[in-house]
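Trainee: Sequence unavailable; structure follows:
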């Protein structure tokens, strides 16, 4: 890494430098025109969704992208629903049906499996991971030389002591979702009075503990005009990144952002990230659009709280269960599905043809639904 105050570039040496050059060039292009989330004396955090540069986990990312360039796809990011427990009751929650959570030994085996498959970003999510007593043990268990650990929480359980325990366990980045700068609107989405204050306080406590912190939101037709105000809230709190994810329909006919909306998000993304000061913006409109394409079933795996595995959190189909099959076999099955062949610049769940497949799930059926039954 060559680094000056305002300029960072990466150089590769060794036998694989040519193979990893295309991805490295894309990273360098971003570093030329975008501010990183954080610059330290010995490393750069280009985005809270990427391993630090330099690090062994980042080298694994380069190796994975080299494999993908050769047609051997790697689940770089793996998200785990680790509990059903949550004090919120959000309508958009994608936690799977059924009851009970996976035991910690099954979780650890799954983590080992995906790390062996090349994963370098582990995400704990749904409902509130802070309500799982062994969350600190799970974070600590992930080999930090192989992967970073991110965690979503609505923030209802955060205390200064808990934030410090997360730091000591090795959490890379804490993500807290905000749905409006108006407390009443956010609380209404969470179906919990006081949720906004708890969320903003959680971010402040995590920052005080020395954690990377991301404020996240799902961009929908309902809140797209609030994005500038939400960015100012992220700036005021002092988070490292403001993460924007396009809203995902659950069925055909659900409202999604328009192409004009998407251009508005991208304009904000480029403008903010080329301006000094304030948090960086991560936008899947760019990252999973222009840069890499939809990651579902190509660079992303999602493990549900019952052990079933989906190509991403939003696709309602299961391709197997880690209590019955190996993660490698499930990944192989996903990769054989033609839906995940080729690059697309929008989420698969935003494509009308695929939503027709989703609509074929029987009414009242538990989700995720076994893909073999379609």
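Mentor: Received the coordinates, thanks. Treat the numbers as computed from the prediction; the structure is a model and nothing was measured.
Trainee: gap between residue 163 and residue 212?
Mentor: 12 Å (C-beta to C-beta, to the nearest Å). Bear in mind the C-beta positions are built from the backbone N, C-alpha and C, glycine included.
Trainee: how is this protein carved up into domains?
Mentor: Per the TED database, the structural domains of the chain span 2-69, 73-291.
Trainee: and those, which one's lowest on average pLDDT?
Mentor: With a mean of 87, domain 2-69 has the lowest mean pLDDT of the domains of the chain.
Trainee: Give me the distance from it to the chain's centre.
Mentor: Distance, stretch centre to chain centre, for domain 2-69: 19 Å (C-alpha atoms, centre = their mean, to the nearest Å).
Trainee: now do stretch 225-245
Mentor: 17 Å.
Trainee: Kindly report the same for stretch 316-324.
Mentor: Here the centre of stretch 316-324 is set off from its chain's centre by 20 Å, with C-alpha atoms, centre = their mean.
Trainee: Do a quick rundown of the helices in this structure.
Mentor: 17-33, 56-69, 104-116, 135-141, 160-169, 183-190, 195-208, 227-237, 259-273, 284-285, 327-336, 352-359 (DSSP state H).
Trainee: Packing partners of the third one?
Mentor: I take that to be helix 104-116. strand 77-81, helix 135-141, helix 327-336 (3 or more C-beta pairs under 8 Å, 6 or more residues apart in numbering; DSSP states H and E).
Trainee: Just give me how far it sits from the chain centre.
Mentor: Using C-alpha atoms, centre = their mean, the offset of helix 104-116 from its chain centre is 18 Å.
Trainee: returning to that earlier point: could you identify which of the helices of the chain is most buried?
Mentor: helix 284-285 (a mean of 22; mean count of other C-beta atoms under 10 Å).
Trainee: List of residues touching it?
Mentor: 219, 244, 245, 246, 262, 265, 266, 269, 347 (C-beta atoms under 8 Å, 6 or more residues apart in numbering).
Trainee: Looking at the residues you listed, spot the one nearest residue 192.
Mentor: Nearest to residue 192 among the contacts of helix 284-285, counting by C-beta to C-beta, is residue 245 at 20.9 Å.
Trainee: wait, what's in contact with the closest one?
Mentor: 216, 217, 218, 219, 284.
Trainee: give the contact list for the second one.
Mentor: Think residue 217. With C-beta under 8 Å, 6+ apart, residue 217 has these contacts: 177, 178, 179, 223, 227, 230, 242, 243, 244, 245.
Trainee: Tell me what the last one is bridged to.
Mentor: Under the criterion DSSP bridges, residue 245 forms beta bridges with residue 218.
Trainee: That one and residue 323, how far apart?
Mentor: Taken as C-beta to C-beta, the span from residue 245 to residue 323 is 29 Å.
Trainee: same question, the fourth one
Mentor: For residue 223, the distance to residue 323 equals 38 Å [C-beta to C-beta].
Trainee: follow-up on the earlier one: from the contacts of helix 284-285, which two are the most distant?
Mentor: Maximum distance among the contacts of helix 284-285 (C-beta to C-beta): 16.5 Å, for 269 and 347.
Trainee: returning to that earlier point: output the helices and strands packed on helix 104-116 in CSV; the columns should cover distance to residue 237.
Mentor: Shown next, in CSV, are the helices and strands packed on helix 104-116 (distance: least, C-beta to C-beta, whole Å):
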stretch, distance to residue 237
strand 77-81, 24
helix 135-141, 23
helix 327-336, 37
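Trainee: between the ones you listed, which gets nearest to residue 71?
Mentor: Short answer: helix 327-336, nearest of these by C-beta to C-beta, at 10.3 Å.
Trainee: relative orientation of that closest one and helix 104-116 in degrees?
Mentor: When axes from the mean of the first three to the mean of the last three C-alpha atoms, to 10 degrees is applied, the directions of helix 327-336 and helix 104-116 differ by 60 degrees.
Trainee: Distance from the chain centre to helix 327-336, please.
Mentor: Between the centre of helix 327-336 and the centre of its chain there are 20 Å (C-alpha atoms, centre = their mean).
Trainee: which other residues reach that helix?
Mentor: By C-beta under 8 Å, 6+ apart, helix 327-336 touches 73, 75, 110, 113-114, 117, 297, 301, 309, 311, 319-320, 322, 340.
Trainee: of these, closest to residue 173?
Mentor: residue 114 (18.0 Å).
Trainee: quick one: contacts for that closest one?
Mentor: 75, 78, 122, 301, 327.
Trainee: which one of those residues sits closest to residue 158?
Mentor: Of all those, residue 122 has the smallest distance to residue 158: 20.2 Å, by C-beta to C-beta.
Trainee: Quickly list what the closest one is bridged to.
Mentor: Here residue 122 sits in beta bridges with residue 78, residue 149, as judged by DSSP bridges.
Trainee: contacting residues around it?
Mentor: 78, 79, 80, 111, 114, 142, 147, 148, 149, 150.
Trainee: re the thing from before, with distance to residue 91 as new columns, can the contacts of helix 284-285 be given to me in JSON lines?
Mentor: As requested, those are arranged in JSON lines below (distance: C-beta to C-beta, whole Å):
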{"residue": "219", "distance to residue 91": "17"}
{"residue": "244", "distance to residue 91": "20"}
{"residue": "245", "distance to residue 91": "16"}
{"residue": "246", "distance to residue 91": "17"}
{"residue": "262", "distance to residue 91": "23"}
{"residue": "265", "distance to residue 91": "23"}
{"residue": "266", "distance to residue 91": "27"}
{"residue": "269", "distance to residue 91": "27"}
{"residue": "347", "distance to residue 91": "19"}
